[in-house]
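# Next comes the sequence, and after it the predicted model I'd like to discuss.
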Amino acid sequence: SRSNEVDNNSGGILMKKTVWIVRTAICLALLIAVQFFTRSFGQLATGSCVNLVLAVSALIGGVWSGITVAVISPFCAYLLGIGPAFLPMVPCVSLGNAVYALLFGLFVGKYLKEKKPAAAYVSMALAAAAAVASRLMLYALAYAFYRKGGGADSFADSFEALWTHWDVRHYLGIARDGYTNVGDARLRLVFFPLYPAVTRVFSAFTGGNLFAAGTLVSLLCSGLCAALLYDLAAMHLGGRGARLAVAYFLLSPMSVFLACAYTEALFISLTLAAVCLLRRGHPWGAALCGMASALTRMPGVIVSGLFIIAFLARIPREGLRMKAVLRCLAQVGMVFGGLFIYWGINWLVTGDPMTYLIYQKENWYQQPGSFWASTANTVSYLISTCGDDDWLFTWGFQLLAMGYIYILLAARQKKLPFDLAAYSFVYVAVVLSPTWLLSGARYLYALATLPLLQAQSLKSRAAHAVGLSVCAALLVVFTWGYTIAAAVL
């Protein structure tokens, strides 16, 4: 009868929930035991075992089981005295762990369930390998420039000095000491916390060397960027278009920052993960990645617009339902949660959630403006500083990047799906809006949809070959500019 069928369905759902709770509890108990018994062996042993438990949790208990264990893990580590010493950084580590469990469960778990390796996974793996290999080539190229200039130290001895410039020092300082409200170190509060938190976690694998940990994070995330970019581009452009998109991404002159202890690789990988997961039918996982993206850099909140557009697109088919409205609001709020956590850190450190805005205005002369004002200022500084040391790398290339992206969006935005085109316009307007803009080219490089536009910008293979050759030549110049001249911001 119908009542018996309903009872059976209810019993089945209850049994599934019970099994999930039991599996999650077992994995959590295993995690606590691993943390307790390995704490005397150092962070390397504990961190490796914890990552293994998180992976197992995501595989046998499902994605949400892995996420649950991942979120609780850093708090247990903090109580045992083996986690971040700065308490406000613990939620950041939790979020990083949750993203790791999410991606592992969805991508690796799905791959293991396949009867044979899918061609798409092989192509994504090759893209990731190309990203890592190309970064290693940049390290070798920088050392060649160093030796050509008269440097005598070995590759290992010169590596940190060559690749530690500008914001790298700030991120490593946060990873080492956390945030403070005294001295010059208080200015580090303008930098978002997820990248330093992840760097601190990875230092367990580098013997406590934070520079090596930050470089390792960027190197791994650059591979993840390339793999996810291939996946996204293949959805819309096919295999050839995806390969072109990855090539433009890896050969861009600004891709030198994928090899540095900067946020670019982590931010782009999290943004691409959010976009890909939303398109693959995993909106909550996408929202979690969007939250992590917003905890890495302010423009991460722009991902929330993709959820709103997806919701509006379903209304003609499904109608306006309150449940769908609440779901969309929850997902958008989840993305903004990354920004809220950052504001909370500001409040805990200084008593004011907006202190970072004061520091940006007083020390970097930055406040909200407009992209057209930034363009006009860049032209003005380009003219007034002609011949100065930073004239070409700072103002010249920034203006070139601005003009390039304006033309590319105007000419090719119709080639993108509406939501990605809308995201692109909003992202460009936001990242180019601060006054006294110095790193506009680097900010524009982090536009996740840029390689898709570039892959469709030219029609013939010969034209793409020329375009990629120009990019590669500029990448060589900018590698010298960052590591030797220390002029690339």
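Done, it's in. Numbering: from 1, shown residues only.
# Only C-alpha atoms from now on, for both contacts and neighbour counts.
OK.
# just checking, what packs against the helix or strand encompassing Leu138?
Using DSSP states H and E, Leu138 sits within helix 119-148. If contacts are counted by 3 or more C-alpha pairs under 8 Å, 6 or more residues apart in numbering; DSSP states H and E, helix 119-148 sits against helix 155-163, helix 210-251, helix 461-483.
# from these, which stretch is densest packed?
Mean neighbour count (mean count of other C-alpha atoms under 10 Å) peaks for helix 210-251 among the helices and strands packed on helix 119-148, with a mean of 24.
# Beyond that one, next helix or strand please.
Next element after helix 210-251 (DSSP H and E): helix 264-279.
# quick one: contacts of that following helix?
195, 217-219, 221-222, 224-225, 228-229, 231-232, 257-258, 283, 285-290, 292-293, 296-297, 300, 303, 306, 446-448 (C-alpha atoms under 8 Å, 6 or more residues apart in numbering).
# May I see the buried residues of it?
264-278 (16 or more other C-alpha atoms under 10 Å).
# Next one: the nearest residue to Trp163 once chain neighbours are set aside from Ile308, what distance?
Leaving aside its chain neighbours, Trp163 sits nearest to Thr483 (5.7 Å; criterion: C-alpha to C-alpha, 6 or more residues apart in numbering). Note on Thr483: its distance to Ile308, by C-alpha to C-alpha, to the nearest Å, is 42 Å.
# Likewise for Ala101?
Applying C-alpha to C-alpha to Ala101 and Ile308 gives a distance of 26 Å.
# Who has more neighbours out of the two?
Ala101 (29 against 16; other C-alpha atoms under 10 Å).
# And stretch 242-251, how far out from the chain middle?
How far stretch 242-251 lies from its chain's middle: 18 Å, per C-alpha atoms, centre = their mean, to the nearest Å.
# Likewise for stretch 445-453?
On the basis of C-alpha atoms, centre = their mean, stretch 445-453 sits 13 Å off its chain's mean C-alpha point.
# next one: stretch 313-325
Centroid displacement of stretch 313-325 relative to its chain, using C-alpha atoms, centre = their mean, is 31 Å.
# Please save the CA atoms from it in PDB.
C-alpha atoms of stretch 313-325 as PDB (Å, rounded to 0.1, in the frame of the first residue of the first chain):
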ATOM      1  CA  ALA A 313      17.400  31.800 -15.100                       C
ATOM      2  CA  ARG A 314      15.300  29.000 -13.400                       C
ATOM      3  CA  ILE A 315      12.200  31.200 -12.700                       C
ATOM      4  CA  PRO A 316      10.700  30.900 -16.300                       C
ATOM      5  CA  ARG A 317      10.900  27.100 -16.000                       C
ATOM      6  CA  GLU A 318      10.100  26.500 -12.300                       C
ATOM      7  CA  GLY A 319       8.300  29.700 -11.200                       C
ATOM      8  CA  LEU A 320       9.100  31.800  -8.200                       C
ATOM      9  CA  ARG A 321       9.300  29.500  -5.200                       C
ATOM     10  CA  MET A 322      10.100  30.600  -1.600                       C
ATOM     11  CA  LYS A 323      12.300  27.500  -1.100                       C
ATOM     12  CA  ALA A 324      14.400  28.500  -4.100                       C
ATOM     13  CA  VAL A 325      14.600  32.100  -3.000                       C
END
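# Find the residue at the geometric middle of the chain.
In the chain, the C-alpha nearest the mean C-alpha coordinate belongs to Phe267, at 2.0 Å (C-alpha atoms, centre = their mean).
# picking that back up, give me the buried positions along the helix holding Leu138.
Per 16+ other C-alpha under 10 Å, helix 119-148 contains these buried residues: 121, 123-132, 134-135, 138-139, 141-143, 146.
# ditto for stretch 381-390
Under 16+ other C-alpha under 10 Å, the buried positions of stretch 381-390 are 382, 390.
# Check stretch 20-33 too.
Result for stretch 20-33 [16+ other C-alpha under 10 Å]: buried residues 20, 23-25, 27-28, 31-32.
# can you check stretch 359-369 too?
Applying 16+ other C-alpha under 10 Å to stretch 359-369 flags 359-360, 364, 366-367 as buried.
# Out of those, the closest to Phe478 would be?
Trp364 (23.6 Å; C-alpha to C-alpha).
# Look up the closest residue to the closest one, ignoring the ones flanking it.
Trp436 (7.5 Å).
# pLDDT weak spots in this structure?
1-15, 36-37, 39-47, 80, 82-87, 107-118 (pLDDT under 70).
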